[in-house]
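Peer 1: Next one to model:
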Amino acid sequence: MSTSENVVTVEALREAERRTMLRIPEDALMDRAATAVADAAQALAAERGLGIEGMEVCVVAGSGSNGGDALLAGALLARRGAHVVAVVAADRAHERGVHMLEEAAGVGAVSGVDFPLGRERVLDAQLVIDGFAGLGGRAGLPDDAWSLLGRAVEAGRLIVAVDVPSGVAADSASLPAPGEDGISRHVVADVTVTFTALKRCLVERPAALSAGRVILADVGVGLDG
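Peer 2: Okay, the predicted model is just below:
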């Protein structure tokens, strides 16, 4: 089976990841994912005339491995010369990702949403890495995540989504229903870096319209057992 030619379900991909991690450490898979995200972010910035040196980047991280991938990508960009900060829109964050980003970008690089001016970190950025939700993410974003990512979308910041745009369910072609304010709470990315295989939300409309350019990255997860 060619992973580049097939759409997979969340259930199938979770099982493939479980089998793969019996022989490849999860950290190794995450490092490969982070490299793909960092490379895509740097390439997108270059397309828009932004050099890596001094580029303002904000990572929005959730509590899962997608958040870890995003934080690790931020650490790589910081080592390449970008000015990187992160806001964690959850009650916890990937510990190794936080450690690596603070090691590369400095203590205080990672904050919570309620940190003084925490939400403003998104608006101060030139590029935002969306690592809030992942394969198991639900349609629509909770308040804290939307207070960050909604600002990035509204302000027209460059956005690189990790695996799928947050607020879009991976196995669905639909977008979340608008709320009372008439807004559908989901990320609209310029680039989505997805891993191993395509997901339905990335290839079927209307959800696919929120993914931007889709980059399929092989991180070493085998779908064939």
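Peer 1: how about the helices in the chain?
Peer 2: 10-20, 26-47, 65-79, 95-105, 120-124, 143-155, 200-203 (DSSP state H).
Peer 1: CA atoms only for the shortest one, dumped as CSV, please.
Peer 2: Pointing back at helix 200-203 there. C-alpha atoms of helix 200-203 as CSV (Å, rounded to 0.1, in the frame of the first residue of the first chain):
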residue,chain,number,x,y,z
ARG,A,200,-10.4,12.7,4.9
CYS,A,201,-10.6,16.3,6.1
LEU,A,202,-7.6,17.2,4.0
VAL,A,203,-8.9,15.9,0.7
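Peer 1: can you list the residues that contact it?
Peer 2: 7, 9, 164-165, 168-173, 192, 194, 207-208, 210-211, 214 (CB atoms under 8 Å, 6 or more residues apart in numbering). Backbone N, C-alpha and C define where each C-beta goes, glycine included.
Peer 1: Of those residues, keep whichever come out buried.
Peer 2: Neighbour counting with 16 or more other CB atoms under 10 Å marks 164-165, 168-170, 192, 194, 207-208, 210-211, 214 as buried within the contacts of helix 200-203.
Peer 1: export those to JSON lines and tack on pLDDT?
Peer 2: Putting those into JSON lines (pLDDT from 0 to 100) gives the following:
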{"residue": "164", "pLDDT": "95"}
{"residue": "165", "pLDDT": "96"}
{"residue": "168", "pLDDT": "95"}
{"residue": "169", "pLDDT": "94"}
{"residue": "170", "pLDDT": "92"}
{"residue": "192", "pLDDT": "97"}
{"residue": "194", "pLDDT": "95"}
{"residue": "207", "pLDDT": "94"}
{"residue": "208", "pLDDT": "95"}
{"residue": "210", "pLDDT": "96"}
{"residue": "211", "pLDDT": "96"}
{"residue": "214", "pLDDT": "97"}
